[in-house]
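Here's a sequence, model it:
(chains A and B)
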Amino acid sequence: GAVVSQHPSWVICKSGTSVKIECRSLDFQATTMFWYRQFPKQSLMLMATSNEGSKATYEQGVEKDKFLINHASLTLSTLTVTSAHPEDSSFYICSARDWGLAAHNEQFFGPGTRLTVL
Amino acid sequence: GENVEQHPSTLSVQEGDSAVIKCTYSDSASNYFPWYKQELGKRPQLIIDIRSNVGEKKDQRIAVTLNKTAKHFSLHITETQPEDSAVYFCASLSGGSNYKLTFGKGTLLTVNP
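Just a heads-up that it's a prediction; the model follows:
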């Protein structure tokens, strides 16, 4: 149980285009999902917290107009990188908390999406 | 906000030896401390976690200790094997409604056969 999927697993796009990444909880409901970015040989940096049915909470320094997050259902959150540039190339990972296990703190991670902007 | 420091950044051990990775945190309200193993290009895998009401937890070759007073926690891997080679991250979860995880910078563990 507690499986999180991401799609696509990798994407290459041209500079200036937008890319959408999907994060799904497959066998549980996730009221809260988190989006991380990880540059090579670095740690995971939280970009934003996505709450179902409400606006995402962005971390300091993360441009909310550039990284659009939508959490329209209890099993799906999307991250859209708008007007992508080479410096946005990174490994994007989502995680989700199981609403049914709210007393537990474990987050379940997706497999990540490798974005390369040419 | 929460700040998590992790040491060492790299650790090389011989197969069969023990490995210890240490982390400190700043927010005294943090109450959950997971450890993750991440292989190149893969998702972080939870290997063990500890809550603030417990001082030590063990799972086979892996153990975690927590000192709330000093605000530090450590990962101990005994009888290391080459397949233990990976990047290990500690993390701390801040309380409140956001339940945000703050990660340490990671430790690259290499187990030499």
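
Measure how buried A:A72 is and give me the count.
10 (other CB atoms under 10 Å in any protein chain shown). C-beta coordinates here come from the backbone N, C-alpha and C atoms, glycine included.

Could you check how far it is from A:T17?
23 Å (CB to CB, to the nearest Å).

Over to A:D98?
Applying CB to CB to A:D98 and A:T17 gives a distance of 34 Å.

and chain B, which residues reach chain A?
Selection of chain B residues close to chain A by CB under 8 Å from any CB of the partner chain yields B:31-32, B:34, B:41-46, B:49, B:51, B:89, B:93, B:98-106.

Filter these down to the buried ones.
B:31-32, B:34, B:43-44, B:49, B:89, B:93, B:99-106 (16 or more other CB atoms under 10 Å in any protein chain shown).

Just give me the residue closest to the centre of chain A.
Centroid-nearest residue in chain A, with CA atoms, centre = their mean: A:W35, separated by 3.4 Å.

got the contact list for that one?
A:23, A:46-48, A:50, A:67, A:69, A:77, A:79, A:92-94 (CB atoms under 8 Å, 6 or more residues apart in numbering or on different chains).

hang on, B:E83 is in a helix, isn't it?
Yes - assigned with DSSP: H, G, I helix; E, B strand; the rest coil, B:E83 falls within a helix.

OK, contacts around it?
Per CB under 8 Å, 6+ apart, neighbours of B:E83: B:V111.

Please report the distance of it from A:L118.
Taking CB to CB, one finds B:E83 at 36 Å from A:L118.

Am I right that B:H7 is in contact with B:K22?
Yes - between B:H7 and B:K22 there is a contact at 5.4 Å, judged by CB atoms under 8 Å.

which parts of chain A sit against chain B?
A:32, A:34, A:42-46, A:49, A:57, A:91, A:93, A:95, A:97, A:105-107, A:109-112, A:114.

Separate out the buried members of those.
A:32, A:34, A:43-46, A:49, A:57, A:91, A:93, A:95, A:97, A:105, A:107, A:109-110, A:112.

distance of the closest residue in space to A:P8 that isn't next to it in sequence from B:D17?
In space, A:P8 comes closest to A:T113 once its chain neighbours are excluded; the distance is 6.1 Å by CB to CB, 6 or more residues apart in numbering or on different chains. Going from A:T113 to B:D17 by CB to CB gives 36 Å.

Neighbour count for these two, which is higher?
Between A:T113 and B:D17, counted using other CB under 10 Å, the more crowded position is A:T113 (23 against 13).

Read off the pLDDT value for that one.
Listed pLDDT for A:T113 reads 98.

and it, what are its bridge partners?
A:Y92 (DSSP bridges).

list the contacts for it?
A:6-11, A:21, A:91-93.

for A:M47, same thing?
A:35-37, A:58-59, A:62, A:67, A:79.

quick one, strands of chain A?
Counting by DSSP state E, chain A has strands at residues A:4-7, A:10-13, A:19-25, A:32-38, A:45-51, A:57-58, A:67-73, A:76-81, A:90-97, A:107-109, A:113-117.

Now distance to B:A70 too, for those, in JSON lines please.
Formatted as JSON lines, those follow (distance: least, CB to CB, whole Å):
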{"stretch": "strand A:4-7", "distance to B:A70": "34"}
{"stretch": "strand A:10-13", "distance to B:A70": "42"}
{"stretch": "strand A:19-25", "distance to B:A70": "36"}
{"stretch": "strand A:32-38", "distance to B:A70": "28"}
{"stretch": "strand A:45-51", "distance to B:A70": "25"}
{"stretch": "strand A:57-58", "distance to B:A70": "31"}
{"stretch": "strand A:67-73", "distance to B:A70": "37"}
{"stretch": "strand A:76-81", "distance to B:A70": "37"}
{"stretch": "strand A:90-97", "distance to B:A70": "28"}
{"stretch": "strand A:107-109", "distance to B:A70": "25"}
{"stretch": "strand A:113-117", "distance to B:A70": "38"}
